[in-house]
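# model the structure of this input:
(one chain, ligands or ions: 1)
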Amino acid sequence: MPKIRASAVTRSFGRGPRTVAALGPLDLDVDPGEFVCVVGPSGCGKSTLLRIAAGLLRPSSGALELRTDATHPAAMIFQDYGIYDWKTVLANVRFGLDVQRAPRKEADARAAAWLAKLGLADFADAYPAALSGGMRQRVAIARALAVEPEILLMDEPFAALDAQLRTILQDELLALTQATSATTLFITHSLEEALVLGDRVLVMSARPGRVIAERRTPFARPRTGDVRSDPRFTALKDELWELLRGEVGRRAPDAGPAPASGEGAAA
Ligand SMILES: Nc1ncnc2c1ncn2[C@@H]1O[C@H](COP(=O)(O)OP(=O)(O)OP(=O)(O)O)[C@@H](O)[C@H]1O
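Next comes the predicted model:
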């Protein structure tokens, strides 16, 4: 049984002549423990898909089902971290456990253990304002993983970080997710990120986003960031980029005349 199943999901925004068809129809099955990355051109509906999966948005038609139980729910990580500035780092990481009504002592211990894993033990009592972008994103990752989620939904979590930090956090996430059995749906602009992290990479078309290609990554698990220098990595990246390039700049049927120059989608 897949942990995540999307059946003919579509989503549009607005009404009448101004309707924007954002997504689908899209079908997707993610197996238990699988890490699926979704790449696609800007504006193709990736965030819309993830927001539907998270229950923040309803599909216009079709259905998206997550199979979890209450003790191991789905957790989300966003590009803008989604952490609370008025809570300490420890309280942020404990947040999901508090929602689950975990006993305070146990919640503190689990939160502290995750902070230690992410190198943030010394910042437990600090407020997020005192942290760098990379540290804030580590807090968001610790908070999501602390609830031991069955399903992890990630929407471009590293997009706001510089290239070096992004690589470091990709490698950390790789190690962390291989140590847990979370089923993960991960949205990214970056083919490289998708190939490092994913068991499977789905390429979406320009809006309204559908899955136009799917590849399994040939790298055994547990793997490390060393796969970046594997010749198969470069070959697969080139192949997927060819597919993606065709979609970047393609305009949706409802988007009106093409811009004169310089505008439009970018990968
Ligand atoms: N709340 C909304 N109201 C109106 N239109 C929306 C809304 N949310 C998304 N859209 C439109 O739906 C389309 C898909 O948006 P979405 O944010 O899902 O794309 P994306 O692939 O995540 O883009 P990016 O990679 O640039 O973040 C876009 O054309 C966007 O303008």
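
# show the contacting residues for residue 4.
By CB atoms under 8 Å, 6 or more residues apart in numbering, the contact set of residue 4 is 28-30, 53, 64-67, 151, 183, 185. From N, CA and C alone the C-beta is placed, and that goes for glycine too.

# out of the residues you listed, which sit inside strands?
Among these, the members falling in strands (DSSP state E) are 28-30, 64-66, 151, 183, 185.

# what subset of those residues is buried?
Buried members of those, scored by 16 or more other CB atoms under 10 Å, are 28, 30, 64, 66, 151, 183, 185.

# and the ligand, which of those residues reach it?
With CB under 6 Å from any ligand atom as the criterion, those include none near the ligand.

# does residue 67 touch residue 30 like I think?
No - judged on CB atoms under 8 Å, residue 67 makes no contact with residue 30 at a distance of 10.0 Å.

# sorry, back to before: include pLDDT and distance to residue 120 when you put the ones in strands among the contacts of residue 4 into a markdown table, please.
Below are those laid out as a markdown table (pLDDT from 0 to 100; distance: CB to CB, whole Å):
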| residue | pLDDT | distance to residue 120 |
| --- | --- | --- |
| 28 | 97 | 33 |
| 29 | 97 | 35 |
| 30 | 97 | 29 |
| 64 | 97 | 33 |
| 65 | 95 | 34 |
| 66 | 94 | 29 |
| 151 | 94 | 24 |
| 183 | 94 | 25 |
| 185 | 97 | 25 |
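
# which residue does the stretch 151-267 of the chain have closest to the ligand?
The nearest approach of the stretch 151-267 of the chain to the ligand comes at residue 207, 5.4 Å away (CB to the nearest ligand atom).

# count the neighbours of that residue for me.
Neighbours of residue 207 under the rule other CB atoms under 10 Å: 25.

# for it, give its distance to residue 193.
Applying CB to CB, to the nearest Å, the value for residue 207 to residue 193 is 21 Å.

# swap in residue 52?
To residue 193, residue 52 is 22 Å away according to CB to CB.

# from residue 199, how far off is the residue nearest to residue 123 when sequence neighbours are not counted?
For residue 123, ignoring the flanking residues on the chain, the nearest one in space by CB to CB, 6 or more residues apart in numbering is residue 89 at 5.0 Å. With the distance defined as CB to CB, residue 89 ends up 31 Å from residue 199.
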